Each structure stands twice: as structure tokens, then as C-alpha cells.
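>>> here's my sequence, what's the structure:
(one chain, ligands or ions: 1)
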Amino acid sequence: MNTFSWVFVAALGASVALRLWLAGRQISSVAAHRERVPDAFANAIQLDAHRKAADYTLVKARQGRLELLYDSLLLLGWTLGGGLQWLDSLWLSAHWSPINTGVAVILSAFIIMALLELPFSLYHTFVIEERFGFNKTTPATFIGDLAKQALLMLLLGVPLAWAALWLMQSSGSLWWLYLWLLWAGFSLLMLWAYPTVIAPLFNKFTPLDNEQLRRRIQTLLDRCGFKSKGIYIMDGSRRSGHGNAYFTGLGRNKRIVFFDTLLETLEANEIEAVLAHELGHFKRKHVQKRIVIMMLMSLGGLALLGWLIQQTWFYQGLGVTQPSHHLALLLFLMVTPVFTLFLQPLASWFSRRHEFEADDYAATQSSAGDLIRALVKLYKENASTLTPDPLYSAFYDSHPPAPVRVAHLSTRIG
Ligand SMILES: [Zn+2]
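Numbers count the residues shown, from 1 in each chain. Next up is the predicted model:
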């Protein structure tokens, strides 16, 4: 234990206390409004549905609190508890080359972390989602997903970890810059390949065959000057009753994707309004802005790591007695989120601003009224709370809370 250990423990304690306090506020706010549908939604949402949304939100928030405590204890176990040091010693006794040892340590740490999270994800899918009627995942699908994720991690993660450790060992003091270039290239490749290579491993994508709707959407796309590689329906109902729409990919390799569940819930004009919102993100260059910010953050992070890796207090303060490149990487990945949590409100604010801009775009290109109707149906279908705590929402929510968003869109009608 050194001074940095205490800085880390204090930051972890503060972040846990803050998150528990916010969760407590959210729980009180949702529970206090459980018996009354807010006036703005009184015509569209029945008391039953409103109560269900409250119960669903409360159950998730309570599980979130448990998971937070569990994760924080695990983090202490990995670091100050000597977990990483122990795993490292285990692999060092195999006497492999430093890079191969490093890849083995990183890979096994990720596998252990995934296994330790498994009980929560099982409980979430098969108990909570099941209880509220959202779960469509069968145990076979769940196991199949795990197997595919593990395979992807091996196929992509092993070469990436190997290349990263090789750069750290062989490319001199500017290794962090080269590693950043590798990481940036890899991220862009993944964004580009996601719709056509990765997503189809988990879901079926079929071209939208409703001719009337397809033509309507194409007209909107032409009007907005959006070129894509097609409009697809995804079989989201294989896993969950939640509905969504998005577009993915980069450059020409863009796809518009509707969950089949969404198409069942919404009318054609509402679907058009939802798509117009998504196009708003594209038109206002939100995707590009997000990528640039991500790249700058990772550059800053790697430059910081380039400095930390030379400081013995960094390792010693986090329970590691034998410094190495791979342990520096792992420690950095595990510990940074404790400190960056305090940036969360800024990121959420930025994201909510983008949502308002996309809503404004939808209001001009399509219809604010249709978008409101679509949103209200989706809030209801997804059992989203209409009465979040304002502070909780300001801290975490990437989208404006339901009442604020609907009120904003209402000003854009007509
Ligand atoms: Zn959006």
C-alpha cells in the first residue's frame, strides 16, 4: 500500500457512494410516482402499464446496486487483493516468452471476469426479463451466444493483444502512439465490418419486404440524401421483446436496421418518424463527432499509460509487485473507469444534446406528432419509466427523460 493505493481506494469509495446515492434517489422517485400516470401521458398510457414500468425500473435499479457492490469488491480483489499478481505468477511459472505470457495473462483475466459476471447476466435474462415478459432467449440461444462471443474474443482479441504487447516491447518510447494507431485502425475496421460480418453471427437480417413501407422509407432517404446498403429487419424477437431501430456501419457500408418487434408496434408514419430521427444523427454528423471524441480519449489515455508504465508506484499502489507491460495494460483498463465515472455527466449531457438535435431534424423532415406517438408506444412497450429522478437522469441518461423529450417535441408540432 502506498499513497496511490489510498487515492485509488478513496476514488472507488467516492464513486460507489455517489452511484448508490443516485440509485437511491431514482428508486424513491419512481416508487413515489408509481400510482399516478403523469398528465402528459394520461391519455396514452394506462395505470397498469405505468405500474409495470415502475416495478421493472425498481427491480433493475436494485439489482444494479448489488452488482455495483459486487464489481467493486472484485476490483479490489484483482488489485490490492493480489488477484492479478497471483494470475501473473501462475503464467510466469510456464516460462514462456514475455509476449506469450502477457497474452495468456490478459486472455485468462478476461475469461475469469466474464465468468464472474455470468450469474448477474443469467439472473437478468432468465429472472428479471422473464418476470416482466420480455425474455425470449432460450438457454440454447444463451449458450450459443456465449460460445460465439468467446470465439470472437479469441479470433480478434488474441492477435490484438499480441500486437499491442509486441509494439510496447519493440517500438521504443513512442510505443503508445503506435499502439493508438493500431487501436484506431482496429476500431474503425470493426465499425465498418460490424453490420455485414459481426452482427449477422448473432441475428438474422432480412431485407424489408413490405413494399409500401420500403418505398416510403426510400423517399425519406432520398430527400435526406442518405445512401445506404439497404434496409433490413433484424429478428430481435429471438432474444427479447424490447424494440429498437438504428443504422450502423461506416462510409458506404451503412445499413438501416429495424427490430422486427418495432415494426409490429408502430404504424408506417411512426416508423418513418423514428427513422428520420436516426437520419438526424447522421445529418448532424453525430457519428463522426463521437468517433473523433473516442479517438482523442484513447490517445489521451494511452499517452497517460505511456507515462504511468514507468512509475513503480503505479504498480505497487495497485497490488502488483512484478511490473510488466501486460499488467500495466490490465491495471489501466480496470482502474480507469473508477476515475472517469466523474466525467459521465458531461458525456450524458453531450449525448442528450445530440438527441434533441436529431428530434428537431425529425420534426422538420417528418412529423413531431408521429415521433411523439412512436416514442410513447416504445416507452410503454419497453416499460421505460416516465418519472426518473432528475439528478439520476442528468448523470446517466444518454436520452432526455420521457417527459422532457415529449415536451420538447410538442413545441415543434405544426
Ligand atoms: Zn437518437
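>>> around the ion, pick out the residues from this structure.
Within the chain, the positions near the ion by CB under 5 Å from the ion are 355, 358. Where you see a C-beta, it was placed from the backbone N, CA and C, and this is true even at glycine.
>>> confirm that Y178 sits in a helix.
Yes - the assignment for Y178 is a helix, going by DSSP: H, G, I helix; E, B strand; the rest coil.
>>> in the stretch 101-250 of the chain, what residue lies closest to the ion?
Closest to the ion within the stretch 101-250 of the chain is Y246: 8.7 Å, counting by CB to the ion.
>>> averaged over its residues, which helix or strand of the protein has the lowest pLDDT?
Lowest by mean pLDDT, DSSP states H and E among the helices and strands of the chain is strand 245-248, with a mean of 80.
>>> mean confidence for the next helix or strand after that strand?
Downstream of strand 245-248, the first helix or strand assigned by DSSP states H and E is strand 255-259. Averaged over strand 255-259, pLDDT sits at 89.
>>> chain center to the least confident helix or strand of the chain: distance?
Distance, stretch centre to chain centre, for strand 245-248: 14 Å (CA atoms, centre = their mean, to the nearest Å).
>>> please shift the residue numbers so they start at 528 in all later answers.
New numbering, starting at 528: the last item is strand 772-775.
>>> so what's the residue count around the residue of the stretch 628-777 of the chain closest to the ion?
Close neighbours of Y773, defined as other CB atoms under 10 Å, add up to 15.
>>> next: the one 5 residues further on.
When counting by other CB under 10 Å, one arrives at 9 neighbours for G778.
>>> wait, it sits on P722?
No - G778 is beyond contact range of P722, at 11.4 Å (criterion: CB atoms under 8 Å).
>>> could you measure from the closest residue to D924 other than its chain neighbours over to the ion?
Computed as CB to CB, 6 or more residues apart in numbering, the closest residue to D924 that is not its neighbour in sequence is S875, at 5.8 Å. As judged by CB to the ion, to the nearest Å, S875 and the ion stand 13 Å apart.
>>> hang on, S875 packs against A921?
Yes - using CB under 8 Å, S875 is in contact with A921, at 7.0 Å.
>>> let's verify the residue of the chain positioned farthest from its centre: helix, strand, or coil?
With CA atoms, centre = their mean as the measure, the chain has its most outlying C-alpha, relative to the mean C-alpha position, at H622: 37.9 Å. With three-state DSSP as the basis, H622 sits in coil.
>>> if I look at it, how far off is the ion?
Counting by CB to the ion, the gap from H622 to the ion is 52 Å.
>>> mind listing what that residue touches?
If a contact means CB atoms under 8 Å, 6 or more residues apart in numbering, then H622 has no contacts.
>>> same check, this time on P915
Taking CB under 8 Å, 6+ apart, we find P915 in contact with 553, 556-557, 584, 924, 928-929.
>>> got it, and G776?
By CB under 8 Å, 6+ apart, the neighbours of G776 are 718-719, 721-723, 756, 782.
>>> could you pull out the helices for the stretch 678-827 of the chain?
Here the stretch 678-827 of the chain has its helices, by DSSP state H, counting those that start in this stretch, at 685-697, 702-720, 726-729, 738-751, 787-792, 795-810, 813-835.
>>> off-centre distance for the next helix or strand after the last one?
Helices and strands here follow DSSP H and E; after helix 813-835, the next one along the chain is helix 839-844. How far helix 839-844 lies from its chain's middle: 30 Å, per CA atoms, centre = their mean.
>>> now helix 839-844: buried residues?
841-842, 844 (16 or more other CB atoms under 10 Å).
>>> same for it, what does it pack against?
In terms of contacts (3 or more CB pairs under 8 Å, 6 or more residues apart in numbering; DSSP states H and E), helix 839-844 is packed against helix 530-559, helix 852-867.
>>> mean neighbour count, those: which tops it?
Most buried of the helices and strands packed on helix 839-844, by mean neighbour count (mean count of other CB atoms under 10 Å): helix 852-867, with a mean of 19.
>>> what's that helix in contact with?
Contacts of helix 852-867 from elsewhere in the structure, counted by CB under 8 Å, 6+ apart, are 535, 538-539, 542, 602, 605-606, 611, 615, 625, 628-630, 632-633, 636, 688, 691-692, 695-696, 828, 832, 835-836, 841-842, 845, 847.
>>> can you select the buried ones from those residues in PyMOL?
Those of the contacts of helix 852-867 that count as buried under 16+ other CB under 10 Å are selected in PyMOL with:
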select buried, resi 535+539+542+602+605+606+611+615+628+629+630+632+633+636+688+691+692+695+828+832+835+836+841+842+845+847
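>>> could you check the angle the strand or helix carrying L593 makes with helix 852-867?
Per DSSP H and E: L593 is located in helix 574-605. Between helix 574-605 and helix 852-867, the angle comes out at 140 degrees (axes from the mean of the first three to the mean of the last three CA atoms, to 10 degrees).
>>> list the buried residues for helix 574-605?
Judged by neighbour count using 16+ other CB under 10 Å, the buried positions of helix 574-605 are 576-577, 580-585, 587-588, 591-592, 594, 598-599, 601-602, 605.
>>> what's the answer for stretch 867-879, then?
Going by neighbour count (16+ other CB under 10 Å), the buried part of stretch 867-879 is 868, 875, 879.
>>> so how far is L547 from the last one?
Read it as R879. Computed as CB to CB, to the nearest Å, the R879 to L547 distance reads 23 Å.
>>> list the contacts for the residue of the stretch 628-777 of the chain closest to the ion?
Per CB under 8 Å, 6+ apart, neighbours of Y773: 783-784, 805.
>>> swap the cut-off to 10 Å and go again
By CB atoms under 10 Å, 6 or more residues apart in numbering, the contact set of Y773 is 722, 761, 782-786, 801-802, 805, 808.
>>> show the buried residues in those residues.
Burial by neighbour count, judged by 16+ other CB under 10 Å, picks out 722, 761, 782-786, 801-802, 805, 808 from the contacts of Y773.
>>> looks like M717 contacts A726 (just checking).
No - applying CB atoms under 10 Å, one finds M717 not in contact with A726, separated by 11.1 Å.
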